[in-house]
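Trainee: Here's my sequence, what's the structure:
(3 chains)
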Amino acid sequence: MMKQKNGALSKLYIALILFFLYAPIIVMIVLSFNKGNTIVWKGFSLKWYGELFQDRNLMGALANTLSIAVLASFFATILGTSAAIGINNFKGKTRSIIQNVSNIPIISPDIVMGVSLMLLFTFLGMIFHFQMGYVTVLISHICFCVPLVVLNVMPRLRHMDRSIYDAARDLGCNEWQAFFKVVLHELMPGIVSGLLISFTYSLDDFIITHFTQGAKFQNLSTEIYAMLRRKIPPTINALSTLLFVAIIVIMVIINLRDRHEEKMKNEK
Amino acid sequence: MKKILSILLCAVIVCSSAALLTGCGGDTVGKNGEVNVYSWGDYFANGQDDLKDTIKEFEKETLIKVNLTTYETNEEMYNKLKSSNDNYDIVIPSEYMISKLIREKMLLEINYDNIPNYKNINKRFKNLSCDPDGKYTVCYSWGVTAMVYDKTKVKEKPSDWNALWDKNLKGDILMINNSRDAMAIAMQILGINPGEKFTKADIDKASAKLKEQKPLLKKYVMDQVFTEMESSQAAIAPYYAGDIAMMMEENEDLDYVLPKDGSNLFYDAFCIPKSSKNKDNAESFINFMHKPETAAENCKYLRYGCPNDEAIKLLPDDIKKSELTVPSEDYLNKCYTFADVSDDIYAYMQEQFVKIKAE
Amino acid sequence: MKSRKLTIPYIFWMLVFTMIPIVIIGFSAFNDGKGNFTLEPFQKAFFYSGVFLKSLLIALISTAICLVLAYPLAYILTRMKQSSQKTVTMLLMIPMWMNFLLRIYAWVILLQKNGPLDLALSLLGIHGTYIGNTAAVVVGMVYEYLPFMVLPIYTVMSKIDPGLIEAARDLGSNNAAVLGKVIFPLSIPGVISGITMVFVPSASTFLVSQYLGGTDDIMIGDVIDNIFWTDQNTGAAISLLMMVLIFVFLVLMNLFGDEEAIA
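Mentor: Numbers count the residues shown, from 1 in each chain, chains lettered A, B, ... in the order given. Next comes the predicted model:
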């Protein structure tokens, strides 16, 4: 699209939306420095950060959460993108049937999905002699992530001009080259947003993980939800704050590097 | 795309290495096998509040690795135990669920010879009504339901559950969001003993009473009761006594009431499910958790009742004397333990409670 | 590119991990718990028709608000510098990476009596309750799902050929006409994906209403969560009914969109 300048009003709008999205995060950060054990401010303290690093379970759970989210969104993106391209080649009824079935995992309530997956894995486990754990959680997460990727790639795919693929072939690309260099490039924004949304859903999922986790696997959300009977300890706020800061720092570094590279290019 | 992937990867690397670092120093843990504990969330002292991390202590002493997973309700735990092929070595269900597990032959008999610390346990908590022969359980904690109220909003100290139906407090009352406890409170007011087997008709009466209460309520709550009461958002709420003790530490305006006609006495006990593959380790875990020092640490953290007499001796006076953690014998004699009702009645009770909320 | 083979792994995947679970749900919805066929779970499920309606209504309102907020945002995004586009997209998603429950808790604190919002507004002389009602639930939902509306719309919009817009301008269209006659029709597939991604989870979610709503704001997800353990059959029946309702909604939406839509 045209790179026109956005007016002040547009900038204000973005700022307001970002404020809406970040207000709760600010609350969370403030609470992580609260001396008290509650939501009532009792003075500044770093004690929850100290206790956080004592908590081996929490750190292990965090590592599990992140690695599952990365792997699940990665595999779901591959599976979902190829599925979307394939589905797009079907016509009429077949296509709508495949698409409908593909949406089931996000339409069905988590608890139902979780329990039925548990039953399925238990059944398969008895046949193939395995127990639920990291892998079954990963598979379940891929399950609900794939439809999200399809939903994101599909609109972009429908808009794509088929002739560019043919043009690439005419210009001497083989089927794969044409696919990777042209088609994927065209679909990229859809794939990226599918990946991002999958990653986000995976981070947040609790119920499905709970039922497919087995006797040894624990991730952050199962830890946090299990605390619901009592209350969420402020160490979780401290953990999330650190995570948040880490993400922001990484983002800033990457941005600075990009800008630097851009400058170098311009100077040439 | 590259940018996003690299952000994700960096985050994972940073966190995994942090996890590895904090997990270090325990290389030999696991030498003596492992034990899969399936427990309520946040149910052992974990190193916070200057207390010991009792699970870590266990690992250090026995070199048995603990795999801790958690559940939020008894029913959730039951379902997983029943339908999955996971091998759990220890679960900590509440009394009514223990009866059900015993009935359905889902537990192993415990070898008490491996648990010498069993002798520390108060007689009241041996041979529990759910396990009359004392073959399957070692009590871990117990407690009663009580009320917490805000002195600035409730001028006169209430005496019984009727305070939760007080029209003057309309919009300021919280009710427990758990069918068993809510129904029990309503039944007690109506003069039905929730400790004896009750019928569907009794449940209907209790439901009618709860329906009457709904317009007066601010909310049905579980964990939210902490934030609501600690930050003075509501006037009065029923909850578990040990948790009320924690709330009172955070807000000076709060006080508690043990309903004068008694209330629900509940307990959670260690059990070993049939699927266990490390029964010996499970027994040494139970034994360790009932060492007086460990049990005292857990009690200081939880503030729920401790069945371990030797541990109680080690508690600081303010906890030992607190009626919320250790109610008097007289009071306990007035209390009832929720009846072991059939699955059918239980499901009916749950359904009626959901219907009250859905109407 | 024209090959359908690419779908084969996915179709296999769906057969195992989607169809089998759905068969299990269907089986228990028509079951009395002892293996006999019965319609009783559905009779019980119909008791909650009021809750069904309320959930759909809350989901619809939240989706509509998300759309109204997200559409201009996506439009502004596409007009930014390439690098800023990426940054802002990331900024939209990052809050969602903090745990769901922590975010909801934070909203409880923001909206509660003597909370930041209450204090700020009372400085202006406005007093009120901002939590414990349906509006608070809607705010929570919009917060949870807004980014899932922005992304698909933005994805499609950024694909629109600038030449088209220039052509429209050259032919005398003003900004509003360009937006209404060129950009909007072309962005419909993204809008439909966005609506699906917001409406579906918000109709079936639980906990949000429990934390932000009052005693009357129970949603169907909460009912399922509450009842499932003691009565799996009714739980399954309610879930099936809800899935059918959502399906109907998606199909209706497709009638307004075109056949490109996903449902």
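
Trainee: So which bits of the stretch 251-359 of chain B are right by chain C?
Mentor: Proximity of the stretch 251-359 of chain B to chain C (C-beta under 8 Å from any C-beta of the partner chain) is limited to residues B:Asp343, B:Tyr346, B:Ala347, B:Gln350, B:Glu351, B:Phe353, B:Val354, B:Lys355, B:Lys357, B:Ala358, B:Glu359. All C-beta atoms are positioned from the backbone trio N, CA, C, and that covers glycine.

Trainee: So the closest residue to the fourth one other than its chain neighbours: helix, strand or coil?
Mentor: Translated: B:Gln350. Nearest residue to B:Gln350, sequence neighbours excluded (C-beta to C-beta, 6 or more residues apart in numbering or on different chains): C:Thr230, at 4.1 Å. Three-state call for C:Thr230 (DSSP: H, G, I helix; E, B strand; the rest coil): coil.

Trainee: now A:Lys231
Mentor: A:Lys231 - assigned by three-state DSSP - is coil.

Trainee: So what's the residue count around it?
Mentor: 22 (other C-beta atoms under 10 Å in any protein chain shown).

Trainee: Which residues are in contact with it?
Mentor: Listed by C-beta atoms under 8 Å, 6 or more residues apart in numbering or on different chains, the contact set of A:Lys231 reads B:Asp223, B:Phe226, B:Thr227.

Trainee: Same question for A:Leu31.
Mentor: So A:Leu31 contacts A:Ile39, A:Pro234, A:Asn237, C:Ala106, C:Ile109 (C-beta under 8 Å, 6+ apart).

Trainee: Once you drop chain neighbours, what's closest to the residue of chain A found nearest chain B?
Mentor: Proximity of chain A to chain B (C-beta to the nearest C-beta) peaks at A:Ala226, 2.6 Å away. The shortest distance from A:Ala226 to any non-neighbouring residue, by C-beta to C-beta, 6+ apart, is to B:Gly41 (2.6 Å).

Trainee: Please apply the same query to B:Cys306.
Mentor: Closest to B:Cys306 by C-beta to C-beta, 6+ apart is B:Cys299, at 3.9 Å.

Trainee: Report the separation between the one you found and chain C.
Mentor: Distance, B:Cys299 to chain C, by C-beta to the nearest C-beta, to the nearest Å: 27 Å.

Trainee: ditto for B:Ser179
Mentor: 8 Å.

Trainee: Touching, that residue and B:Phe353? I think so.
Mentor: Yes: using C-beta atoms under 8 Å, B:Ser179 is in contact with B:Phe353, at 3.6 Å.

Trainee: Quickly list what's touching both of those two.
Mentor: Counting by C-beta under 8 Å, 6+ apart, nothing touches both B:Ser179 and B:Phe353.

Trainee: Give the helix, strand or coil label for B:Asn67.
Mentor: Going by three-state DSSP: B:Asn67 is strand.

Trainee: Point me to the residue sitting closest to the centre of the chain.
Mentor: This is for chain A. By C-alpha atoms, centre = their mean, chain A has its centre lying nearest to A:Phe199, at 1.0 Å.

Trainee: other chain: chain C
Mentor: C:Val198 (1.6 Å).

Trainee: Dump the helix or strand containing it to CSV, restricted to CA.
Mentor: C:Val198 belongs to helix C:184-204 when assigned by DSSP states H and E. C-alpha atoms of helix C:184-204 as CSV (Å, rounded to 0.1, in the frame of the first residue of the first chain):
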residue,chain,number,x,y,z
PHE,C,184,-13.2,-2.4,2.5
PRO,C,185,-14.5,-4.9,-0.1
LEU,C,186,-11.0,-6.2,-0.7
SER,C,187,-10.4,-6.7,3.1
ILE,C,188,-13.5,-8.7,3.7
PRO,C,189,-11.7,-12.1,3.9
GLY,C,190,-9.5,-10.7,6.6
VAL,C,191,-12.5,-9.3,8.5
ILE,C,192,-14.2,-12.7,8.3
SER,C,193,-11.1,-14.5,9.6
GLY,C,194,-10.9,-11.9,12.4
ILE,C,195,-14.5,-12.3,13.4
THR,C,196,-14.1,-16.1,13.5
MET,C,197,-11.0,-15.8,15.6
VAL,C,198,-12.7,-13.4,18.1
PHE,C,199,-16.2,-14.7,18.1
VAL,C,200,-15.5,-18.4,18.5
PRO,C,201,-13.2,-18.3,21.6
SER,C,202,-15.2,-15.5,23.3
ALA,C,203,-18.4,-17.5,23.0
SER,C,204,-16.9,-20.5,24.7
